[in-house]
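*Asks:* Predicted structure and sequence below. I'll ask about it afterward.
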Amino acid sequence: MAGSFRVELIKRSAEPINLFEVSLETARIQRPQDEGPFIEYIRALLSGRKPDLIVPVGAPAAFFMQRHREDLFPATPMMIIGADVRRIPGANLKENDTAILLDLDLPAYLDDSALTQQK
């Protein structure tokens, strides 16, 4: 999903786009109180830059950004993509946030996958 979003954003933009990708996967953070070094890494990576948009992909990234938005990018708009609608209720979004959420029906997906494998 992140790759498709990146390609479409670049293709449709009239202006050049500088993208900075930070993966939470590499952080392997277990507890929010242990996130300090990762926050400092993001600050160092984007030092001297003010992003126009933050795009967390998936619920874990969205939760991370919601917890640390004020510390990192308090005025930057955020667009959450790729998270399940049940994990990111509209009440959790701030004034300059938007979300493109999925309605994941995992039981139906697993049933379809099982049927496909039987054929």
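*Replies:* Great, that's in hand.

*Asks:* contacts, neighbours, all on C-alpha from now
*Replies:* Noted.

*Asks:* Quickly note the distance from the residue nearest the centre of the chain to Pro74.
*Replies:* The residue lying closest to the centre of the chain (CA atoms, centre = their mean) is Pro56, at 1.4 Å. As judged by CA to CA, to the nearest Å, Pro56 and Pro74 stand 15 Å apart.

*Asks:* likewise Ile17?
*Replies:* Between Ile17 and Pro74 the computed distance is 21 Å (CA to CA).

*Asks:* What of Leu9?
*Replies:* 23 Å.

*Asks:* Equivalent analysis for Leu102, please.
*Replies:* Distance from Leu102 to Pro74, by CA to CA: 26 Å.

*Asks:* ok, the residue nearest to the centre of the chain touching Met65?
*Replies:* Yes. With contact defined as CA atoms under 8 Å, Pro56 counts as touching Met65 (7.2 Å).

*Asks:* Which neighbours do the two have in common?
*Replies:* Counting by CA atoms under 8 Å, 6 or more residues apart in numbering, Pro56 and Met65 have no shared contacts at all.

*Asks:* Which parts of this protein are helices?
*Replies:* 2-12, 36-45, 59-72, 106-118 (DSSP state H).

*Asks:* Which stretch among these is buried most, on average?
*Replies:* helix 59-72 (a mean of 16; mean count of other CA atoms under 10 Å).

*Asks:* what comes into contact with that one?
*Replies:* Outside helix 59-72, the residues that reach it (CA under 8 Å, 6+ apart) are 24, 39, 43, 56, 80, 82-84, 87-88.

*Asks:* Let's see that with 10 Å instead.
*Replies:* With CA atoms under 10 Å, 6 or more residues apart in numbering as the test, helix 59-72 has contacts from 22-25, 32, 35-36, 39-40, 42-43, 46, 50, 54-56, 73-76, 78-88, 92-94, 99, 101.
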